[in-house]
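K.L.:
build me a model:
(4 chains)
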Number of protein chains: 2
Amino acid sequence: MRISLVAGAPNGKACNDCAIRDFGVCAALDKTDLRELEHLSRHVRFASCETVFAQEEMTTSVYNLLEGVLRLYKLLPDGRRQIVGFVLPGDFLGMPISVRHSFSADAIGAVTVCRLSRTAFARYTENKPHLLRRINELAVRELSQARDHMVLLGRRSAAEKVATFLIGWRDRLVQLNGPSTTVALPMNRQDIADFLGLTIETVSRTFTKLERDHVIGVLPGSVYLLDPARAEAMAAA
Amino acid sequence: MRISLVAGAPNGKACNDCAIRDFGVCAALDKTDLRELEHLSRHVRFASCETVFAQEEMTTSVYNLLEGVLRLYKLLPDGRRQIVGFVLPGDFLGMPISVRHSFSADAIGAVTVCRLSRTAFARYTENKPHLLRRINELAVRELSQARDHMVLLGRRSAAEKVATFLIGWRDRLVQLNGPSTTVALPMNRQDIADFLGLTIETVSRTFTKLERDHVIGVLPGSVYLLDPARAEAMAAA
DNA sequence: GATGGTCCTTGATCTGCGTCAAACGGGAAA
DNA sequence: TTTCCCGTTTGACGCAGATCAAGGACCATC
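P.N.:
Numbers count the residues shown, from 1 in each chain, chains lettered A, B, ... in the order given. Okay, the predicted model is just below:
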């Protein structure tokens, strides 16, 4: 975990030209609001495996992810890890329940975030019901995803877990980058295992099995879906 | 699942005298706001095992639980069930992500809910930033609980799951009713199993084992903690 | 008091996934 | 080219928890 690089403040037209302008939290804001927001935000870059914030740390900031991928995870005292989510560009990270973070976030590959002071952002939202509703909407969507993931963790087999993960991840990438035959997997096998409540060996074996069954093809850093329908069926049932 | 009984509209002082006045969503509202809200809400009672709403149904209402306990669950096509939460008085049920419910809610024992039209409530909240912030706060708290539960489902042993459940449930009841030596368990063993991602047999065996180890005492419909420290240690580690 | 139903517990056995251990493969450094 | 490293795969084996099956315990109804 190396020292993070702080980029300069976004220039005058930064927020308006932001890559995630139209689908992040900021989608709820008009040009005037955005101009005000620009003064509160700073772009910050993190190298692979750097920690954006850690469990138990004070929550001083909120974040929008601009580029790259983050993993969010919780650790048990004995070191067992559960990844509670992966964060993609446009996702908002800024609804701390308490003064301390209840999970850690670190970079999978290089990332850029848009960071804002938590208190300044709270003040900013205070009388912007449209923004509050937007944040609400995002929170509720995340809650819904969290519940879906509970079903996966509590009630699905290893093969179903892996298939569900691949389909879900593909759908998120498609929404971001448009259709593609291959599904990039920037996270490693251990991350996938800790997300699905499995071991790395079981994930690896399951990938191999799906490959033998001609459902997927496995490449370094990605997979491609040979039989999307089969994969979707496994994810649904 | 029998027909639900619709109680009369709350009388003039209902909202102000409401049992959950001070800790539900409505805690964010003053007397004037409450008076307005009264016209939008109806108390509805459900008998044990009646369904308040079901997965895939249209979301027409939002709810505050007044009395009793609800279970929230998702079903897989083949019937596997994951309970995603238990609802206690004061809890708010009203943040649908889409036009259809993504989970079902039904009564564990007799319950009373305060029901409001979803659209009327949305209109009501529109220019009440304090209420929006309150709803946000509740959503974020639920999200945090959901993530904790992911850790439990993905990374804990059966004994840890049961201990964590008992401690968590006790804490919620204490917050509601004050300290007590016994922990009421209105839900049955199958519910506990489906909440913890276990089978009913494993839950039963784990209760028996905790009793043999003098951690808990098991009674019909409740348990008491003989060694709360041991139970808490199992829940933490 | 008998009957049936529901929920819970217990025992015997099975199995999916975890654990332990070794080998593979591709990229970086020497 | 060789060596090392690290992420990944594969194999052998073990076990926590699932499955299958049989018994309680309690309660309502007759």
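
K.L.:
let me see the contact set for the residue of chain A found nearest DNA strand C.
P.N.:
DNA strand C sits closest to residue A:202 of chain A, with a gap of 3.1 Å, by CB to the nearest atom of the strand. All C-beta atoms are positioned from the backbone trio N, CA, C, and that covers glycine. Residues in contact with residue A:202 (CB atoms under 8 Å, 6 or more residues apart in numbering or on different chains) are A:158, A:193.

K.L.:
run the contact check for the helix or strand harbouring it versus DNA strand D.
P.N.:
Under the criterion of DSSP states H and E, residue A:202 resides in helix A:200-212. Yes. Against DNA strand D, helix A:200-212 shows contacts by CB under 7 Å from any atom of the strand at A:200, A:201, A:203, A:204, A:205, A:207, A:208.

K.L.:
export those residues as CSV, with columns for pLDDT.
P.N.:
CSV is the format used below for those (pLDDT from 0 to 100):
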residue, pLDDT
A:200, 98
A:201, 98
A:203, 98
A:204, 98
A:205, 98
A:207, 98
A:208, 98
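
K.L.:
which of those residues are buried, as a ChimeraX select command?
P.N.:
In ChimeraX syntax, the buried subset of the residues of helix A:200-212 next to DNA strand D is picked out as below (16 or more other CB atoms under 10 Å in any protein chain shown):
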select /A:203,207
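
K.L.:
give me the nearest residue to the residue nearest to the spatial centre of chain A, chain neighbours excluded.
P.N.:
In chain A, the residue lying closest to the centroid (CA atoms, centre = their mean) is residue A:87, at 0.9 Å. Leaving aside its sequence neighbours, residue A:87 sits nearest to residue A:70 (CB to CB, 6 or more residues apart in numbering or on different chains; 3.9 Å).

K.L.:
for residue A:145, which non-adjacent residue is spatially closest?
P.N.:
Excluding the flanking residues, the one nearest residue A:145 by CB to CB, 6+ apart is residue A:85, at 7.4 Å.

K.L.:
before we move on, what about residue A:227?
P.N.:
residue A:215 (4.8 Å).

K.L.:
just residue A:68 next, same as before
P.N.:
Using CB to CB, 6+ apart, the closest residue to residue A:68 is residue A:111 (3.0 Å).

K.L.:
need the longest helix for chain A.
P.N.:
If you go by DSSP state H, chain A has its longest helix at helix A:129-155.

K.L.:
one step back: between the residues of helix A:200-212 next to DNA strand D, which is nearest residue B:39?
P.N.:
Proximity of the residues of helix A:200-212 next to DNA strand D to residue B:39 (CB to CB) peaks at residue A:203, which lies at 54.7 Å.

K.L.:
please name the nearest non-neighbouring residue to the closest one.
P.N.:
Residue A:203 sits nearest to residue A:193 (CB to CB, 6+ apart), 4.7 Å away.

K.L.:
give me the beta-bridge partners of the closest residue to residue A:56 other than its chain neighbours?
P.N.:
What sits nearest to residue A:56 in space, not counting adjacent residues and going by CB to CB, 6+ apart, is residue A:100, at 5.4 Å. Counting by DSSP bridges, residue A:100 forms beta bridges with residue A:58.

K.L.:
given the helix or strand hosting the residue nearest to residue A:68, what are its sheet partners and their directions?
P.N.:
Using DSSP H and E, residue A:111 maps to strand A:104-117. Counting by DSSP bridges, the strands paired with strand A:104-117 are strand A:41-46 (antiparallel), strand A:51-53 (antiparallel), strand A:61-75 (antiparallel).

K.L.:
please state the offset of the shortest one from the chain centre?
P.N.:
I take that to be strand A:51-53. A distance of 13 Å separates the centroid of the chain from that of strand A:51-53, by CA atoms, centre = their mean, to the nearest Å.

K.L.:
before we move on, what about the last one?
P.N.:
The chain centroid and the centroid of strand A:61-75 are separated by 6 Å under CA atoms, centre = their mean.

K.L.:
mind listing what's buried in it?
P.N.:
A:61-66, A:68-75.

K.L.:
for the residues you listed, give me TSV that also has distance to DNA strand C and pLDDT.
P.N.:
Output for the buried residues of strand A:61-75, formatted as TSV (distance: CB to the nearest atom of the strand, whole Å; pLDDT from 0 to 100):
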residue	distance to DNA strand C	pLDDT
A:61	33	95
A:62	34	95
A:63	30	96
A:64	31	96
A:65	26	96
A:66	25	95
A:68	19	97
A:69	20	97
A:70	23	98
A:71	18	98
A:72	20	98
A:73	16	98
A:74	17	98
A:75	16	97
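
K.L.:
just give me the closest of those to chain B.
P.N.:
residue A:74 (5.1 Å; CB to the nearest CB).

K.L.:
that closest one: what's it in contact with?
P.N.:
Residue A:74 sits in contact with A:55, A:81, A:82, A:84, A:102, A:103, A:104, B:147, B:148, B:150, B:151, where contact means CB under 8 Å, 6+ apart.

K.L.:
would you mind measuring from the last one to residue A:209?
P.N.:
With the distance defined as CB to CB, to the nearest Å, residue B:151 ends up 27 Å from residue A:209.

K.L.:
also the fifth one?
P.N.:
Using CB to CB, residue A:102 is found at 35 Å from residue A:209.
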